[in-house]
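**Student:** Build me a structure from this.
(8 chains)
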There are 8 protein chains.
Amino acid sequence: MEKEHLLKLLYQVQSGDLSPEKAVLQLKQQPFTDLGYAKIDGHRELRQGIPEVIFGSGKTPEQIIGIIRHMKQKGCNNILITRLSQEKAEQIQQEIELHYDPVSKIGISGQKGNITASGYIVVATGGTSDIPVAEEAAITAEVLGNSVKRLYDVGVAGLHRLLSHLDLLMEAKVIVAVAGMEGALSSVIGGLVDCPVIAVPTSIGYGTNFGGLSALLSMLNSCASGVSVVNIDNGFGAGYLASMINHIGN
Amino acid sequence: MEKEHLLKLLYQVQSGDLSPEKAVLQLKQQPFTDLGYAKIDGHRELRQGIPEVIFGSGKTPEQIIGIIRHMKQKGCNNILITRLSQEKAEQIQQEIELHYDPVSKIGISGQKGNITASGYIVVATGGTSDIPVAEEAAITAEVLGNSVKRLYDVGVAGLHRLLSHLDLLMEAKVIVAVAGMEGALSSVIGGLVDCPVIAVPTSIGYGTNFGGLSALLSMLNSCASGVSVVNIDNGFGAGYLASMINHIGN
Amino acid sequence: MEKEHLLKLLYQVQSGDLSPEKAVLQLKQQPFTDLGYAKIDGHRELRQGIPEVIFGSGKTPEQIIGIIRHMKQKGCNNILITRLSQEKAEQIQQEIELHYDPVSKIGISGQKGNITASGYIVVATGGTSDIPVAEEAAITAEVLGNSVKRLYDVGVAGLHRLLSHLDLLMEAKVIVAVAGMEGALSSVIGGLVDCPVIAVPTSIGYGTNFGGLSALLSMLNSCASGVSVVNIDNGFGAGYLASMINHIGN
Amino acid sequence: MEKEHLLKLLYQVQSGDLSPEKAVLQLKQQPFTDLGYAKIDGHRELRQGIPEVIFGSGKTPEQIIGIIRHMKQKGCNNILITRLSQEKAEQIQQEIELHYDPVSKIGISGQKGNITASGYIVVATGGTSDIPVAEEAAITAEVLGNSVKRLYDVGVAGLHRLLSHLDLLMEAKVIVAVAGMEGALSSVIGGLVDCPVIAVPTSIGYGTNFGGLSALLSMLNSCASGVSVVNIDNGFGAGYLASMINHIGN
Amino acid sequence: MEKEHLLKLLYQVQSGDLSPEKAVLQLKQQPFTDLGYAKIDGHRELRQGIPEVIFGSGKTPEQIIGIIRHMKQKGCNNILITRLSQEKAEQIQQEIELHYDPVSKIGISGQKGNITASGYIVVATGGTSDIPVAEEAAITAEVLGNSVKRLYDVGVAGLHRLLSHLDLLMEAKVIVAVAGMEGALSSVIGGLVDCPVIAVPTSIGYGTNFGGLSALLSMLNSCASGVSVVNIDNGFGAGYLASMINHIGN
Amino acid sequence: MEKEHLLKLLYQVQSGDLSPEKAVLQLKQQPFTDLGYAKIDGHRELRQGIPEVIFGSGKTPEQIIGIIRHMKQKGCNNILITRLSQEKAEQIQQEIELHYDPVSKIGISGQKGNITASGYIVVATGGTSDIPVAEEAAITAEVLGNSVKRLYDVGVAGLHRLLSHLDLLMEAKVIVAVAGMEGALSSVIGGLVDCPVIAVPTSIGYGTNFGGLSALLSMLNSCASGVSVVNIDNGFGAGYLASMINHIGN
Amino acid sequence: MEKEHLLKLLYQVQSGDLSPEKAVLQLKQQPFTDLGYAKIDGHRELRQGIPEVIFGSGKTPEQIIGIIRHMKQKGCNNILITRLSQEKAEQIQQEIELHYDPVSKIGISGQKGNITASGYIVVATGGTSDIPVAEEAAITAEVLGNSVKRLYDVGVAGLHRLLSHLDLLMEAKVIVAVAGMEGALSSVIGGLVDCPVIAVPTSIGYGTNFGGLSALLSMLNSCASGVSVVNIDNGFGAGYLASMINHIGN
Amino acid sequence: MEKEHLLKLLYQVQSGDLSPEKAVLQLKQQPFTDLGYAKIDGHRELRQGIPEVIFGSGKTPEQIIGIIRHMKQKGCNNILITRLSQEKAEQIQQEIELHYDPVSKIGISGQKGNITASGYIVVATGGTSDIPVAEEAAITAEVLGNSVKRLYDVGVAGLHRLLSHLDLLMEAKVIVAVAGMEGALSSVIGGLVDCPVIAVPTSIGYGTNFGGLSALLSMLNSCASGVSVVNIDNGFGAGYLASMINHIGN
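**Tutor:** Model prediction:
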């Protein structure tokens, strides 16, 4: 709870405008709405200037519609739904206006915001198959007000593809490196640039990639400095963090 | 290789100041010195304004002395040696002036630099046993020119210890969350603040902590946004990345 | 075998009311009925006052119907079937009256019992997606005669949602904490309350959650005291144990 | 924070006895003392009637002495130190009076309390080698005011050893089952009794026991109801939880 | 190659009945037929008196039919096909006479042999869900000429179910113990009897059973002597080995 | 970048035929075409004399068609597509001429090349179920201009099947050993021959084969010299490397 | 409990020779002695004709001496102590007569028994480094009355070493195959012989042998029939089971 | 067994120069010497022209001396001992002349042979700490008659170090890429060259490198063609295989 809010409340108690009992009640009044199956934090947008995000996987279309409707009533007009299957998206679209991107499996209710950060984010992938995860990162970052440059299929087994875009890489404010299989992309990029590199292992591959474990371990063991890692296939997390870093100093 | 450097070289070829053969030679002339057992990048300090770092583990004292001596000749006066055992440090100190910190196992040859970033970094730990890793992060960040605030033993099993420092956390530019065992510290901090959180799992614990695996998995699965993870016990990597982020906009 | 039962049998042999041969037979007469594919313990309800439970997964509808019918003949009128798919439930409902809950995948043949314990159990979840496992725990506990209070979607990434229900938590007799992903919920709750906390890791998540492993390891490594763990997704086990603890002293 | 405490504080603000600024200060005044390397919760004994516990592993003797001294000043006279090596214990004993048990590696500063719960706890082990972990559980429970009955070397490969103590088991309020290797002890006990069984896997064994993993998985997969599990070798956690359950209704 | 066969061949060379070149040819003449996709060992039945076995999984119905036809031509009239899906079995039955058991997924082309061993094999399971694996063991053993006694659903969580059949167990020549989940059945049986116990872990369970890993590790760590283990769900291997042991001394 | 190319470029700058600015541009001109979702290396065939390979899994039919069309325009007339499902192959065949092999899941657009290496490659499998992976290796090697001899179903449990083909094995230039389950084939072959053995673990098996892990570990631990390993089920990689070795000295 | 014993007891109750109370007492009288830290089963030798075995690891020398002394008083004169370190053995030898073998780490108090089975056991190893585990198996079997033939360093990478002893292998009653690294020995032997093969994986190796895991998985996945597996490095268990099988029919 | 040898033997039988009985004996006469603890293959040098290799780890100095002495008697004068600790080497040196290299832990009894292959092998490492494994590979290859070029500390985090030696790499006949941590070196090299790349993962690193697992998985998942992998830290295996490939066509 914020200090200012608390002080204001206490002044009201001091001045007699608020009884102690009611103050306790207010202190307990949650800054979220309880739908039973979900507790929605309606203040976040005001507080942080960013849209609300719904993790679509594991929620029924009915639950997602309920959450969106509640948010819209509270004034949110920029809602991101991640990990949303085509099937669920179509069910939701029958009730609510929703833009859906089948590659990234992102749904957007409302409009993409304006670009609010001066630098740009590079989202790079090792291969073509990593694109869905990369798009999750890129679209998330775009919705959060960032300029994003895509650099796909530049894996380390053909270094010239990567090296021919060195300029683009070296002027980025932050880079999201998305790769499956041996996951070496983040190490090579991390050794070439001086900005933070967010590594996203993907589950792309077969056999000993063990669902993304090989790329994950590679990235965690990167001998390049400035590299940190998010969960396997977590494009959203990388896009969100990249936006956070890209907005520093803006 | 930088575009400007290449252009300048080509102008010299064009003007006849440099023969094509010598240009190829120059292009091949490495921006590092080869000691046989190590290839030292002497340009990095000039280029990036940061000290050179030696990973002490797995190198002999003789190799470390050789690398430091070479760097000093090249003008580096701020060299960090990480993962340096007390025993090796003492052998090195017989040959070269070296400040050694036994908790973080960091050696410094030269002087800590000035503070060059306006914001501050919080380094927090779940328990007392996580302090060595946290100190590796904190001292690294200090050597790289950052103001660091330490917040130790604030694990989630006693939330009031953490919540009583909310102000400190909420005004940080970036937070390093160091924790072993269940590694929940980064999730809780990530849910409280709006700045990037770098999670460092530690190998502290026993049984099912499996050498830090439990904390690592927890941190990678964090449901809080803005959290990314480095290798188990990698205090250096976290301190380096925190410094990188803290210097954005400076 | 109970001492009293054995003594009584021996007195009968001593008095000649029972031949040694028949005593051996009786001693071997099982306190269960053998259906070939299952050995049903019909005495348990009498002995323990609790309903019989059938683990539905891996049994055919025919086997389940056979077991229920046999139990009903023996006088059981409160039978719980867990892990029962909608499809199997519908096949069973064509033969036998059965209440089926599709969220928890629990079937109940007979009536829920009365509340037989004075305290209450809190069942809390980290997210909306953990609800099916939580409901398995909650309904199991209700069928076993407990008052259950549900507290869903209170994960540690938004601490205020949890802290606003501190009163409810602190007066519980026992708490079931259900969480996937980083599984930190049980540690945070365990640090806030003084009652036993039963942690249920769920397989909810993706990538490095490795089918619930990350939450499991987090929970086992909890630095809060009073926390113990059951199998991944084992809502039934948690509900059963919670009921056992909630009935102590009643 | 407790509701009563908050209400009282607010009444003082209302009455003008306390300025809002000072109230904020008080609200921020931590219920713990900060030693830098550790934040000690001095109120816990008063609040929960139980002694303070120090996890000895990973702390220096100097840190442990510092924590004990501070606690004694605050009035604690019953301090448990777990995972304390003989060597550290001897260093501490040169400064402070300390009872040390080399089998369980527990140190006690102060006196064991009286027995405050009416029931008893059974601590059982599969083999002789599991005794150190079992003693950690048993002594912890005794220090916390419980009557403990030890039942060692009753592993399932010789069932008659266990069955000959059925009476003892069936009248226990809670049972701690400590076992390494195949860890089947908790399942067999769980099937015989109606009270909660806390299973403690131990790292005793070799080869495929993988540091206690085999026993842990066995215990988590127990088909007996009423069984929950703590971390490998976590005798303290089991003893603490057993005490919590044994004190219900007292 | 058998010594007798070699000697005979050499005598033929010595006597001039066989040229050295033809002897080399014969030595190279394989005791199997090459179908391209499979090399069938037609001599095994004559040599070992047991039927040929086809591992059905991963072979097409056409390949299986081809192998059976070839064998029948060579005189085999007792062919076992394991891991045969219902769908493949039906395709094969359109071409060849085949008895198919959907529980064990075993197909038999030809007739079950007579009982050729004097003792009997017990096949026991922990639960009802383990029956398919147990039936694979039992039917394999029956086809190989053994008397088999089934003892299903006698898991250790209800010891009385197992103990009531002690006589049956103690007179067995060899016991196959089939169990999933915590896999304790083999340890308990191994402690009760003096004959070899073949433990078969099953993939029955969920969560931390990790596809049978928990039962496997339990069984490998058994503290009872005389227990050995086969692959997860490998009922065939257990039945085959049990038959081998049961035939010793016959 | 090749030294000759660089020298030529620099001579052109020296001679004034090329301005430095244009040279920089040329240096940046990628030796690949950027389709957005893929960066195609059109020079590789010229440079290395081998066909281009497309990894079909994770690419849409549209993307594959786009890549093939672009390649054909650039003059490639021998394109290999691996891991291509029957369904995708049929969609592609509606647009482009494509030969598809359903066993190896390889598609070929263009014609198989001539045999360009004098020696031969043996591709051996442990069982019938390993054939799809073996065919991927064999066809890849054939397309790359090698003579391939297949030796299927010669697993170590029936050594005579393998030993009867010793001549074939001992005269091979390189051997690809494909095996699942216990993966011993490569060790046994490696001990019999003096040429390089490329081991390919397959995911064939069940239970503890853990998706090919058991075969992989066996092969990596081979005590025979001259054995190296590729990813689980990576027939293509083995065939490609075998071709590379078979072409040495040609 | 044996049926005969129970019947006899009941006859005594019937005849009045024994009061029911005393019968209960007798039934509870354990067939073992309780030393507190160990429950010794003194009847086993009489019952099974085999010596008592003490698992030395994890027991103090004092505990081992106590157990041996107690057994000797009960009449055991053939006691095997496994996993006994040289250091502990020397401490025990100061108190009690003990034969110690430093290779197998077996101690024997008393005399080796006579050979009581007509067949012989082969103990084979893959390499020289596997000998300690093999000797544990061999000496155990010898103490239990078996003739043992050792066949060391016959790993599959040099098949001729194994094949030159085919006669010895084919006439064995049971074979113990001890191997580390890729563990293929048991598969190859299992394919050559018709008797049971007990596979013992060893922790010999490095890197991906992961403490014996690679050999263990190989052995469990053996495609040869008649192979079963014991714990990594469990020479004792293999020797014990081999003896059990070798005594069938004697 | 070689065909020529067999034919010759059979001719002798045909001609009466050899009785069938003696032929059997000869066929059984092993081409190795049996020292009990080791079976030494004395023919290998003659057959393959390469020195005998002893795996030193897990053998006693006495055993190693015994094996060397036996080999010398048989005429071997070029014996390689790998994984030989300094301590054992010194014990052996007291009995036998031995050259010992403490970095690679290789001992050589006899003289290095001449260079017998025309091409050269590159041995490259990612870091300084990987040098011991690389030296094991390099010295092994040198002893086997190869020219070796070392390229150490050229990890992918500083690509310019690697790219500045492109000429050396592109003209190699085969490359051994030794790397720990993220193990990306082999992928990057594999993408730059057209010759076989043998990847050696090392156990260098900490935390999530899990004893070399991360580098191993990276290398197995390499998206570059022509890369195969040997066991973690297996420098010898890589050097041996590199020599085999480098000798093709010589």
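
**Student:** Chain A: strands as residue ranges?
**Tutor:** Here chain A has its strands, by DSSP state E, at A:33-34, A:39-40, A:53-55, A:78-82, A:99-101, A:106-110, A:120-125, A:147-151, A:174-179, A:197-201, A:227-229.

**Student:** For G:Asp167, find the nearest of the ones you listed.
**Tutor:** Checking those against G:Asp167 by CB to CB gives strand A:197-201 as the closest, at 54.9 Å. To be clear about C-beta, it is placed using only N, CA and C from the backbone, and glycine gets the same treatment.

**Student:** Please see if the closest one touches chain H.
**Tutor:** No: judged by CB under 8 Å from any CB of the partner chain, strand A:197-201 stays clear of chain H, getting no closer than 10.1 Å.

**Student:** same for that strand, what does it pack against?
**Tutor:** helix A:131-143, strand A:174-179, helix A:185-192, helix A:213-220, strand A:227-229, helix A:235-246 (3 or more CB pairs under 8 Å, 6 or more residues apart in numbering or on different chains; DSSP states H and E).

**Student:** Kindly report the residues of chain A close to chain F.
**Tutor:** Neighbours of chain F within chain A, by CB under 8 Å from any CB: A:127-129, A:131, A:152-154, A:158, A:160-161, A:164, A:204, A:206-210.

**Student:** make it 6 Å
**Tutor:** A:Thr128, A:Ser129, A:Asp153, A:Gly158, A:Arg161, A:Ser164, A:Ile204, A:Gly207, A:Thr208 (CB under 6 Å from any CB of the partner chain).

**Student:** ok so, going back, can you redo the strands of chain A as TSV with mean neighbour count, mean pLDDT and distance to A:Ala138?
**Tutor:** Listed next are the strands of chain A as TSV, based on neighbours: other CB atoms under 10 Å in any protein chain shown; pLDDT from 0 to 100; distance: least, CB to CB, whole Å:
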stretch	mean neighbour count	mean pLDDT	distance to A:Ala138
strand A:33-34	16	66	31
strand A:39-40	23	67	26
strand A:53-55	20	88	15
strand A:78-82	22	90	13
strand A:99-101	16	95	10
strand A:106-110	23	91	10
strand A:120-125	26	97	5
strand A:147-151	19	96	5
strand A:174-179	32	97	8
strand A:197-201	33	97	11
strand A:227-229	31	96	18
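
**Student:** Rebuild the residues of chain A next to chain F as CSV, extending it with pLDDT, distance to chain E and neighbour count.
**Tutor:** Below are the residues of chain A next to chain F laid out as CSV (pLDDT from 0 to 100; distance: CB to the nearest CB, whole Å; neighbours: other CB atoms under 10 Å in any protein chain shown):
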residue, pLDDT, distance to chain E, neighbour count
A:Thr128, 90, 30, 23
A:Ser129, 91, 26, 22
A:Asp153, 91, 34, 23
A:Gly158, 76, 35, 22
A:Arg161, 81, 39, 23
A:Ser164, 78, 45, 18
A:Ile204, 84, 23, 28
A:Gly207, 87, 17, 22
A:Thr208, 86, 17, 27
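
**Student:** In chain A, which residue sits closest to chain G?
**Tutor:** A:Thr208 (11.1 Å; CB to the nearest CB).

**Student:** Run through the residues that contact the residue lying closest to that residue once chain neighbours are set aside.
**Tutor:** Using CB to CB, 6 or more residues apart in numbering or on different chains and skipping residues adjacent in sequence, the residue nearest A:Thr208 is H:Leu220, 4.4 Å away. H:Leu220 is in contact with A:Thr208, F:Asn231, H:Val229, counting by CB atoms under 6 Å, 6 or more residues apart in numbering or on different chains.

**Student:** Can you give me the distance of the closest residue to A:Leu144 other than its chain neighbours to chain C?
**Tutor:** Distances taken as CB to CB, 6+ apart place A:Ser243 nearest to A:Leu144, at 4.0 Å, with adjacent residues excluded. The gap separating A:Ser243 from chain C is 17 Å, by CB to the nearest CB, to the nearest Å.

**Student:** how about low-confidence regions in chain A?
**Tutor:** For chain A, the stretches with pLDDT under 70 are A:1-7, A:21-35, A:39-51, A:112.

**Student:** If we use 80, what do you get?
**Tutor:** A:1-14, A:16, A:18-52, A:74-77, A:111-113, A:157-160, A:163-164, A:223, A:250 (pLDDT under 80).

**Student:** that older thread, assess the claim that the residue nearest to A:Leu144 and A:Asn146 are in contact.
**Tutor:** Yes: counting by CB atoms under 6 Å, A:Asn146 is a contact partner of A:Ser243 at 5.1 Å.

**Student:** quick one: contacts for the closest residue to A:Ser222 other than its chain neighbours?
**Tutor:** Sequence neighbours aside, A:Ser187 is the residue nearest to A:Ser222 in space, at 4.4 Å (criterion: CB to CB, 6+ apart). Counting by CB under 6 Å, 6+ apart, A:Ser187 makes contact with A:Ser222, A:Ala224, H:Val156, H:Ala157, H:Glu182, H:Ala184.

**Student:** now A:Ala134
**Tutor:** A:Val123, A:Thr125, A:Val178.

**Student:** Which residues does the second one form beta bridges with?
**Tutor:** Going back to what we said before, that points to A:Thr125. Counting by DSSP bridges, A:Thr125 is bridged to A:Val178.

**Student:** so who does it touch?
**Tutor:** Contacts of A:Thr125 by CB under 6 Å, 6+ apart are A:Ala134, A:Tyr152, A:Val178.
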